[in-house]
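>>> need a structure here:
(one chain, ligands or ions: 1)
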Amino acid sequence: MIPGAFEYHRPSSVADAVALLAKLGDDARVLAGGHSLVPMMKLRLAMPQHLVDLGGVKDLKGVRVEGADIVIGAMTTQHEAITSELLAAKVPILREAALQIADPQVRYCGTVGGNVANGDPGNDMPAVMMCLNASYRVRGAGGERRIAARDFYEGAYFTALEPSEIVTAIQIQAPPTGHGYAYEKLKRKIGDYATAAAAVILTIRDGKATSCSIGLTNVGERPLWAEDASQILTGSSLDAATIKKAVAAAEAITAPASDNRGPAAYRTKVAGVMLARALARARQRAKA
Ligand SMILES: Cc1cc2nc3c(=O)[nH]c(=O)nc-3n(C[C@H](O)[C@H](O)[C@H](O)COP(=O)(O)OP(=O)(O)OC[C@H]3O[C@@H](n4cnc5c(N)ncnc54)[C@H](O)[C@@H]3O)c2cc1C
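Numbers count the residues shown, from 1 in each chain. Take a look at the predicted model:
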């Protein structure tokens, strides 16, 4: 399929990109790696009149430390996130999750910012960012603001972003040294979106979970932060009965579609199984 006609713009600064978006209004869309937007355009599910390519904005690239936080520029590719030594050392769940996105070809172009801003519940990064309690730095005609990942997703392809706003970076407070982490994803084949996936970050002291956070991918209209399940596990010794209760609480907040990945009830159960596996692996990795 061939996309509809559009005008191409390539600003070289965030200020220029935001000014263009404000001027062009609803007819414009931001282009990052193009690996979600261009397929949608080819299917004519998106027909923007203007594409504002962020590829020339150098300030949006790279991973850096800012105080106690890790900051990932929105145009950092998924491949660059996988090869970042800083992320591997401080927030290894990002590498684990990014390696399960699509295939190397997609990851060379697809960006972390595009993955979180897209609003597709099938994207893997949003639930991980919710699990990490990350926030998104956003810039628009009205200035700069920060939106918590847990408040960003409003529905399938609906986010808290205003039309003239772009995500400039993702900010994450690195979890404590020695934390346990895991991202477990069931997919039908390499390169597929999740039937269901679960992200877990936890810390353990004296045999008890001192903190636990859980995110779920592709089992609802939006990525999910499983707050109740996280709370059930926090303070527990991660015994079998408590894990069973937490898994049930996580399954209870899912509302997946029945589709070619399976009926809704199956996908809910897969989410529970992914969570149980992620908890077991995160626990093994946590240094008490
Ligand atoms: C075959 C295939 C398999 C895939 N499998 C997976 C998978 O398993 N898991 C997964 O997570 N993803 C998967 N993807 C999607 C891929 O990860 C995309 O790269 C990603 O979803 C979007 O990133 P992008 O940089 O390509 O964004 P684009 O496609 O350029 O943009 C996506 C959307 O986000 C908006 N946008 C982009 N950047 C910004 C920004 N900085 N600020 C505001 N809005 C912005 C765009 O306007 C657009 O609406 C797959 C893609 C393909 C083609």
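>>> And residue 58, how close does it get to residue 140?
Per Cβ to Cβ, to the nearest Å, residue 58 is found 20 Å from residue 140. (Each C-beta comes from the backbone N, C-alpha and C, glycine too.)
>>> So which of these two has more stuff around it?
residue 140 (16 against 11; other Cβ atoms under 10 Å).
>>> Looks like the more buried one contacts residue 162 (just checking).
Yes - with contact defined as Cβ atoms under 8 Å, residue 140 reaches residue 162; the gap is 5.5 Å.
>>> The closest residue to residue 125 other than its chain neighbours: what's it in contact with?
Nearest non-adjacent residue to residue 125, counting by Cβ to Cβ, 6 or more residues apart in numbering: residue 115, 4.2 Å away. By Cβ atoms under 8 Å, 6 or more residues apart in numbering, the contact set of residue 115 is 36, 78, 101, 123, 124, 125, 126.
>>> go again using 10 Å as the cut-off
When contacts are counted by Cβ atoms under 10 Å, 6 or more residues apart in numbering, residue 115 touches 32-33, 35-36, 74, 77-78, 81, 97-98, 101, 107, 123-126, 128-129, 170.
>>> what does residue 51 give?
Listed by Cβ under 10 Å, 6+ apart, the contact set of residue 51 reads 3, 6-10, 24, 28-31, 34, 37-38, 41.
>>> ok, which stretches of the chain are strands?
For the chain, strands defined by DSSP state E occupy the ranges 7-9, 28-31, 50-53, 63-66, 69-73, 135-140, 143-148, 153-155, 158-159, 166-173, 180-186, 196-205, 208-217, 224-225.
>>> Now do residue 42 against residue 2, distance only.
Plainly put, residue 42 is 7 Å away from residue 2 if you go by Cβ to Cβ.
>>> Equivalent analysis for residue 39, please.
Residue 39 is 12 Å from residue 2, by Cβ to Cβ.
>>> And residue 239, by the same measure?
Distance from residue 239 to residue 2, by Cβ to Cβ: 57 Å.
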